[in-house]
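K.L.:
Got a sequence here, can you model it:
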Amino acid sequence: MDEKEVEEQVIKSYQHDEKMMILIYAQWCINNDLDPKSLYEKAYPSQTKNEALREALELTVPKKESEEIPSQTVLNVLQLFGNDDLAFIVQEEIDKEVKR
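P.N.:
From the prediction side, this is the model:
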């Protein structure tokens, strides 16, 4: 592989991983009776149209059909991809649930 092919492969791998991160986030929201779009918009109000989130929502399954996704996993994945604002909003929701 030449340098350009390696670069393209790295980009494709990152994009795939990013889609998985969004899917994990969306499914976690579904599993916790939260609206993924509204939480995302709360974290990023200027990005109300997110195509990747829309695509991920099409891949989610109903709560009863999903495996549990630990909250810490979601936070770690969001932070790994630099979604600190969204991780903060997710942490707020986790804290609300803990107080109940």
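K.L.:
Longest helix of this structure, counting residues only.
P.N.:
helix 3-31 (DSSP state H).
K.L.:
I'd like to know which elements that helix is packed against.
P.N.:
For helix 3-31, the elements it packs on are helix 36-43, helix 51-59, helix 71-80, helix 84-99, judged by 3 or more C-beta pairs under 8 Å, 6 or more residues apart in numbering; DSSP states H and E. Any C-beta I mention is one placed from the backbone N, CA and C, and that applies to glycine too.
K.L.:
That one - what's its average pLDDT?
P.N.:
Helix 3-31 comes out with an average pLDDT of 91.
K.L.:
Distance from that helix to the middle of the chain?
P.N.:
10 Å (C-alpha atoms, centre = their mean, to the nearest Å).
K.L.:
List the buried residues of that helix.
P.N.:
Neighbour counts over helix 3-31 (16 or more other C-beta atoms under 10 Å) mark 21, 22, 23, 24, 25, 26, 27, 28, 29, 30, 31 as buried.
K.L.:
Quick one: closest of the helices and strands packed on helix 3-31 to residue 12.
P.N.:
helix 51-59 (14.6 Å; C-beta to C-beta).
K.L.:
which outside residues touch that closest one?
P.N.:
With contact meaning C-beta atoms under 8 Å, 6 or more residues apart in numbering, helix 51-59 is reached by 18, 19, 22, 23, 25, 26, 36, 37, 40.
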